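# Build me a model:
(2 chains)
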There are 2 protein chains.
Amino acid sequence: MKDFTPTPRTRIKRLPKRARYDRDTVYSILDAGFVCHLGYVIDKHPFVTPTAYWREGDAVYWHGSSKSRMLLALEKNPNVCLTVTHFDGLVVARSGFHMSVNYRSAMIFGKPYKVSDPEEKLAKMEKFVERLYPGHWNNLRPVHKQELKAMSVFGLHLEEAVAKVRTGGPIDEPEDYRLPIWAGVVPVQQVLGAPQDDGRLAPGTSAAPKVTL
Amino acid sequence: MKDFTPTPRTRIKRLPKRARYDRDTVYSILDAGFVCHLGYVIDKHPFVTPTAYWREGDAVYWHGSSKSRMLLALEKNPNVCLTVTHFDGLVVARSGFHMSVNYRSAMIFGKPYKVSDPEEKLAKMEKFVERLYPGHWNNLRPVHKQELKAMSVFGLHLEEAVAKVRTGGPIDEPEDYRLPIWAGVVPVQQVLGAPQDDGRLAPGTSAAPKVTL
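The predicted structure follows:
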């Protein structure tokens, strides 16, 4: 697959060695997450809303209520920035200035499109559920027509994208390594707890679905 | 403390029962995080950048390189939206439509100000380090003057803010509770791993600092 071409928006000027334009890196960061932060503009003012998303091929998708403010905003100014960030660790340096964070983030720029065809919307919803709960879609109560209507699905083609990645330990000033100050990484991880049923399971209900984060 | 007054930007229209305007809730969400997603606008286009932040009284602060694009952008259009999100669980419903996520998020709107006084910048840096590593500041190599110069610190007063919180199990359609489909919550948590030193500790170095996330 071809790398993303840097644009004025995606070219990283500060710490360019952290930038990645290859699709494998961008896709793997997107696939490791399930909530993005979506930026949009209303009357020159920025809004950043956390939203569940998923990737399908060369696009990311999210859904929301047909009545959401975001939807109305996108009709006026369709530009978005969709950012996904994973925190992998705290980077503890020997000086305050070199304290850092290990992370993987992806920024996608573009104009989203609305998925209007009900069949396609339903297929997208299935993908979203299967992303988090593989194999669970067919266990669920089928979607009602009015539910599909109440829901909007947006797609954003992956054309203008960049990833930023920081890994490894602190980069201290050469003369600071002789100081008896602890330095290294404290890993951070997102973990799943044991499923807790809602106390209203019908007789004969099978086990909780498998979850992939 | 007085609650935040809803504004056109912070008034939640969709699912208003998830909105919280009390300072205790907003502050506790801010205090539980250390990386926000900062939204700003360049030429009508939104940008969303993950950034480390901390709260001090009635303001949040973040820092960055004096040369960052964000800084230059804020000089032209100083409006930001700073969003902090914690994912607490996956909400598994009996139908695709009612699948949800438990979360706590805070959105802060406003125009940030630059902290210019070197003494004040240094004090802010201390707060940032102490936020993550309580008691560790005095162990560190003191900050050099040119390091302070290379760094910008921004503050944003907490005047226009709102929190959104979803807790608890799925809300399914009444008739769906008789179906033998598993439903409940799968908790999600961020955890710290064991500290890994960088392999270059000087003799006599003490243990890793205590971390509070």
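# does the closest residue to residue A:133 other than its chain neighbours count as helix, strand or coil?
Nearest non-adjacent residue to residue A:133, counting by Cβ to Cβ, 6 or more residues apart in numbering or on different chains: residue A:209, 4.1 Å away. In this view, the C-beta of every residue, glycine as well, is placed from N, C-alpha and C. The three-state label given to residue A:209 by DSSP: H, G, I helix; E, B strand; the rest coil is coil.
# so residue A:209 touches residue A:137, yeah?
No - counting by Cβ atoms under 8 Å, residue A:209 does not reach residue A:137; the two are 9.6 Å apart.
# Between the two, which is the more surrounded one?
Ranked by neighbour count (other Cβ atoms under 10 Å in any protein chain shown), residue A:209 and residue A:137 place residue A:209 first, with 22 against 17.
# pLDDT value on that one, please?
If you check residue A:209, the pLDDT there is 97.
# Could you point out the bridge partners of residue A:185 in the sheet?
Counting by DSSP bridges, residue A:185 is bridged to residue A:91, residue B:196.
# Could you list the buried residues of the longest helix along chain A?
Identified as the longest helix of chain A according to DSSP state H is helix A:118-132. Within helix A:118-132, the residues that count as buried by 16 or more other Cβ atoms under 10 Å in any protein chain shown are A:121, A:122, A:124, A:125, A:128, A:129, A:130, A:131, A:132.
# Ok, stretch A:106-113 next?
A:106, A:107, A:108, A:109, A:110, A:112.
# Would you check how far apart the last one and residue A:165 are?
Read it as residue A:112. With distances taken as Cβ to Cβ, to the nearest Å, residue A:112 is found 25 Å from residue A:165.
# hmm, the one helix or strand in chain A whose mean pLDDT sits lowest in reach of chain B?
Counting by mean pLDDT, DSSP states H and E, chain A has its least confident helix or strand at helix A:69-76, which shows a mean of 80. Yes - remark: helix A:69-76 sits within contact range of chain B at residue A:69, by Cβ under 8 Å from any Cβ of the partner chain.
# residue boundaries of the strands in chain A?
Applying DSSP state E to chain A gives strands spanning A:19-20, A:35-42, A:45-56, A:59-65, A:80-92, A:100-110, A:113-115, A:151-157, A:160-166, A:184-192, A:196-197.
# Please work out which of those strands is packed deepest.
Among the strands of chain A, strand A:35-42 has the highest mean neighbour count (mean count of other Cβ atoms under 10 Å in any protein chain shown), at a mean of 25.
# Next, format the strands of chain A as TSV and append mean pLDDT and distance to residue A:28.
Listed next are the strands of chain A as TSV, based on pLDDT from 0 to 100; distance: least, Cβ to Cβ, whole Å:
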stretch	mean pLDDT	distance to residue A:28
strand A:19-20	91	10
strand A:35-42	96	15
strand A:45-56	96	10
strand A:59-65	91	13
strand A:80-92	97	10
strand A:100-110	97	8
strand A:113-115	93	24
strand A:151-157	94	18
strand A:160-166	96	9
strand A:184-192	97	16
strand A:196-197	98	30
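# For residue A:29, find the nearest of these.
Smallest distance to residue A:29 across the strands of chain A (Cβ to Cβ): 4.3 Å, for strand A:100-110.
# In its sheet, which strands sit next to that closest one, and in what direction?
strand A:80-92 (antiparallel), strand A:160-166 (antiparallel).
# Contacts only, for the closest residue in space to residue A:144 that isn't next to it in sequence.
Counting by Cβ to Cβ, 6+ apart, residue A:144 lies nearest to residue B:97, which is 7.4 Å off, once chain neighbours are set aside. Residues in contact with residue B:97 (Cβ atoms under 8 Å, 6 or more residues apart in numbering or on different chains) are A:125, A:143, A:144, A:147, A:150, A:151.
# and with 10 Å instead?
A:63, A:125, A:140-141, A:143-144, A:146-148, A:150-151, B:172-173 (Cβ atoms under 10 Å, 6 or more residues apart in numbering or on different chains).
# Residue A:89 reaches residue A:184, doesn't it?
Yes - assessed by Cβ atoms under 10 Å, residue A:89 is found in contact with residue A:184 at 9.3 Å.
# so what sits against both of these two?
Joint contacts of residue A:89 and residue A:184 (Cβ under 10 Å, 6+ apart) are A:169, B:195, B:196.
# if I look at the second one, how far off is chain A?
It stands for residue B:195. Distance of residue B:195 to chain A, given as Cβ to the nearest Cβ, to the nearest Å: 5 Å.
# Just give the number of residues close to that residue.
Applying other Cβ under 10 Å, I find that residue B:195 has 19 neighbouring residues.
# Which pLDDT does the model give it?
98.
# Equivalent analysis for the first one, please.
In the prediction, the pLDDT value recorded for residue A:169 is 98.
# Same question for the one 4 residues further on.
As summarised for this prediction, residue A:173 has a pLDDT of 98.
# Show the contacting residues for it.
Counting by Cβ under 10 Å, 6+ apart, residue A:173 makes contact with A:93, A:94, A:95, A:97, A:98, A:179, B:141, B:144, B:147.
# Quick check: the residue in chain A sticking out farthest from the centre vs chain B, distance?
The centre of chain A is farthest from one residue, residue A:178, which by Cα atoms, centre = their mean lies 40.3 Å away. Noted for residue A:178: a distance of 5 Å to chain B, by Cβ to the nearest Cβ.
# Which residue is the nearest non-sequential neighbour of that residue?
residue B:202 (5.4 Å).
# ok, that neighbour - contacts?
The neighbourhood of residue B:202, defined by Cβ under 10 Å, 6+ apart, consists of A:94, A:176, A:177, A:178, A:179, A:180, A:181, A:182, A:183.
# Now it. Its backbone dihedrals?
phi -70, psi 160 (degrees, to the nearest 10).
# what's the pLDDT at it?
On the pLDDT scale, residue B:202 is placed at 97.
# and if you look at residue A:112?
95.
# Test my guess that it contacts residue A:62.
Yes - at 8.3 Å, residue A:112 and residue A:62 qualify as touching, with contact defined as Cβ under 10 Å.
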